[in-house]
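1. what follows is a predicted structure for the sequence shown.
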Amino acid sequence: MIPRVHGDVPSRTEIEELLDLAVRAPNHHRTEPWRFCVLVADERERLARAIADELVDSKGADPAAALDEGRAKVDRAPVIVVFTAIPSSDPKVVVQEEIASVAMAIENFLIGAHAKGLGAMLRTGAAAYHPSIREHLGLAPTEMVVGIVYCGPPAADRPVTERAPATDKTTWLGWNT
C-alpha cells in the first residue's frame, strides 16, 4: 500500500482494469455482491459531505469546519473508489461471506494498482458506516460500505510496513514437524 499519492488522475481505462480484477474475487454462491462507486474531480465532494455529516453527528463539530475536514480527506487522492456490498437475500447466503468477498475484491484492486505502479490505500472511518453516506452516494437500502480506496500515482516510495511474522499468528493442527 502506498498512502501518499499526487493529483494526476489515472485513466478511466486503468481504473476499469483494476475493477475487472476486483470482480475476479472468490464468491460463495456466485452472488457477486460487490458494487463500486468511483469518485473523481468535483464528485469527491459527495464523500466529503458524508464525512462532514458524521463529524457533526458524532463530535458536534461545526458544520463548516467539518466540511473543510471532509474536503481535506478526499483531497488525499484524485480517484476514490467506494466498495460496497449488496448481500443476496437467498437464505443459503451468509452475509459475512458476502462482505468477505468484497474485501477480497478490494485486495485484488490494491494488488493490481501496485502492479500498475499506482499508489492505493484502503481507508474507511466512521463516515463509511454513517447513514448519510447512503444519501450522498445514492446507495441502495441494503447496500453496505466495506472499504474506501484512495488511488493515484505514488507521491513517494514507502518501505514495506513492518508486520509480525505469520508464525506468530499461526496454529498448526495435525501437522507433524
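-> Thanks, I have the structure now. Numbers count the residues shown, from 1 in each chain.
2. what segments of the chain are strands?
-> Counting by DSSP state E, the chain has strands at residues 34-40, 79-85, 119-123, 144-152.
3. which of those strands sits closest to Pro165?
-> strand 119-123 (22.1 Å; Cβ to Cβ). C-beta coordinates here come from the backbone N, C-alpha and C atoms, glycine included.
4. from Ala100, how far off is Arg171?
-> Actually, residue 171 is Thr rather than Arg. Separation of Thr171 from Ala100 (Cβ to Cβ, to the nearest Å): 20 Å.
5. who's more crowded, the two?
-> Ala100 (18 against 5; other Cβ atoms under 10 Å).
6. give me the number of residues near Asp20?
-> 12.
7. let me know the pLDDT of it.
-> For Asp20, the pLDDT comes out at 98.
8. coming back round to it: lowest average pLDDT across the strands of the chain?
-> strand 119-123 has the lowest average pLDDT among the strands of the chain, namely a mean of 93.
9. and Arg24, how many neighbours?
-> Neighbour tally, Arg24, other Cβ under 10 Å: 11.
10. longest helix anywhere in this protein?
-> Secondary structure of the chain per DSSP state H: the longest helix is helix 95-115.
11. so what does that one touch, helix or strand wise?
-> Counting by 3 or more Cβ pairs under 8 Å, 6 or more residues apart in numbering; DSSP states H and E, the packing neighbours recorded for helix 95-115 are helix 12-22, strand 34-40, strand 79-85, strand 119-123, strand 144-152.
12. distance to Gly138 for these - can I get that in JSON lines?
-> Compiled in JSON lines, the helices and strands packed on helix 95-115 are given as follows (distance: least, Cβ to Cβ, whole Å):
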{"stretch": "helix 12-22", "distance to Gly138": "18"}
{"stretch": "strand 34-40", "distance to Gly138": "8"}
{"stretch": "strand 79-85", "distance to Gly138": "11"}
{"stretch": "strand 119-123", "distance to Gly138": "21"}
{"stretch": "strand 144-152", "distance to Gly138": "13"}
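13. thanks again, I'm all set now.
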